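> What follows is a predicted protein model with its sequence.
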Amino acid sequence: MPDTISFDLVTPERLVKSEPVEMVVVPGTEGDMGVLPGHALLIGMVRPGLVVIFEGGRAVERLFVAGGLVDISPERCTVLAVEARPLAEIGRPEAEARLARAREALSDATTEAAKAVAERRIYVAETLLSLLDRAPR
């Protein structure tokens, strides 16, 4: 069995990451999924959280994703994310501004659809702030 799995992280705008990895942890809606070479076939939903890439038995990269889909096979793991950025590139002021804009959108919402979109944006922003608070320094 190979010792790496091909990993791709894609957003609507671009290919964020494409490389062989030892292991990747994906934030699934049912819990975090550790993906190793030889993983069973799976298609699942991705919740807002961290995709963590492992090499040499340790986490080497953490990427914030705002949700999406994951497609896993024994040889490949592809995350199709709504948004993805290295957590280290996101500052707390940016995350707080994002939350403020989302809360303002909720207060301005006049339809149920607009309220649902704003509530989702609040959830994503609050998750991001929580991850920044727990991030290793």
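Looks like it came in fine.
> For the rest of this, base every contact and every neighbour count on C-alpha atoms.
Will do.
> Find the nearest non-adjacent residue to residue 54, please.
residue 23 (5.1 Å; C-alpha to C-alpha, 6 or more residues apart in numbering).
> Check which helices and strands the lengthiest helix in the chain sits against.
Ranked by number of residues, the top helix in the chain under DSSP state H is helix 112-134. Where contact means 3 or more C-alpha pairs under 8 Å, 6 or more residues apart in numbering; DSSP states H and E, helix 112-134 is packed against strand 49-55, helix 92-108.
> Tell me the buried residues in it?
By 16 or more other C-alpha atoms under 10 Å, the buried positions in helix 112-134 come out as 115, 118-119, 121-129, 132.
> now it against helix 92-108, angle please.
160 degrees (axes from the mean of the first three to the mean of the last three C-alpha atoms, to 10 degrees).
> Next, the angle from helix 112-134 to strand 49-55.
Using the same axes, to 10 degrees: helix 112-134 against strand 49-55 is 40 degrees.
> got the contact list for helix 112-134?
48-50, 64, 66, 87, 91-92, 95-96, 98-99, 102-103, 105-106, 109 (C-alpha atoms under 8 Å, 6 or more residues apart in numbering).
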